[in-house]
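>>> Got a predicted model here, sequence first, then my questions.
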Amino acid sequence: MPAKSLKFVCPRDGTPITSRLLGGPTLDINLHECPTCKGMWLDRGELQKLMHDSEVEALLRNYAAPAKNPAPCPRDGEPMERRKIEDVEVDLCEACGGFWLDRGELEPLEESVHEIEEEGRRAMMSRLQLNRYDISLMTLLSPGLLERLETGRKP
């Protein structure tokens, strides 16, 4: 059976999507953008590169509240799901792992993710209930331990 041939079109207005290299060879993100509505498609891994946050895609996949969205994925045509974090909704294709962001969603998404991550770090530190002496001792004995505890990475 031949592979399904899809046009790479905007899921909002059907306009053919254009591509451009964002950040040159250093950042290496092939940004797919609708010239009409300015929405953008980011393949799996590109959102975390763009936001400099290795956890953002997992956060959207695993913790954001899902909502129905009949828009087709511009990459593979599968129906996408809307994921909401605070007041920001993005579209996720479970099949290929890519994300569609409407115009103006990237900056609020970045702010929301950073707020959620900061709340998590503060909650972790309050659960540890360390006093200044404990923190000084930890820093002296293992310089990277405090940072690993704050970020939730394994020591």
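Cool, the structure landed. Residues are numbered from 1 along each chain as shown.
>>> ok, and the closest non-adjacent residue to Glu94?
Counting by Cβ to Cβ, 6 or more residues apart in numbering, Glu94 lies nearest to Glu81, which is 6.5 Å off, once chain neighbours are set aside. C-beta coordinates here come from the backbone N, C-alpha and C atoms, glycine included.
>>> Around Glu118, count how many other residues there are.
Using other Cβ atoms under 10 Å, the number of residues around Glu118 comes to 11.
>>> SS state for it?
helix (DSSP: H, G, I helix; E, B strand; the rest coil).
>>> so where do the helices sit in the chain?
All helices of the chain, identified by DSSP state H, fall at 24-27, 46-51, 56-62, 106-128, 132-141, 145-151.
>>> These: lowest mean pLDDT?
Confidence, taken as mean pLDDT, is least for helix 145-151 of the helices of the chain (a mean of 60).
>>> Would you mark the buried spots in stretch 81-95?
By neighbour count on 16 or more other Cβ atoms under 10 Å, the buried set for stretch 81-95 is Glu81, Arg82, Arg83, Ile85, Val88, Glu89, Val90, Asp91, Leu92, Cys93.
>>> ends of stretch 63-82, how far apart?
Using Cα to Cα, to the nearest Å, the end-to-end distance of stretch 63-82 comes out at 12 Å.
>>> tell me the contacts of the closest residue to Asp87 other than its chain neighbours?
Using Cβ to Cβ, 6+ apart and skipping the chain neighbours, the partner closest in space to Asp87 is Pro108 (6.9 Å). Contact analysis of Pro108 by Cβ atoms under 8 Å, 6 or more residues apart in numbering lists Glu86, Asp87, Val88.
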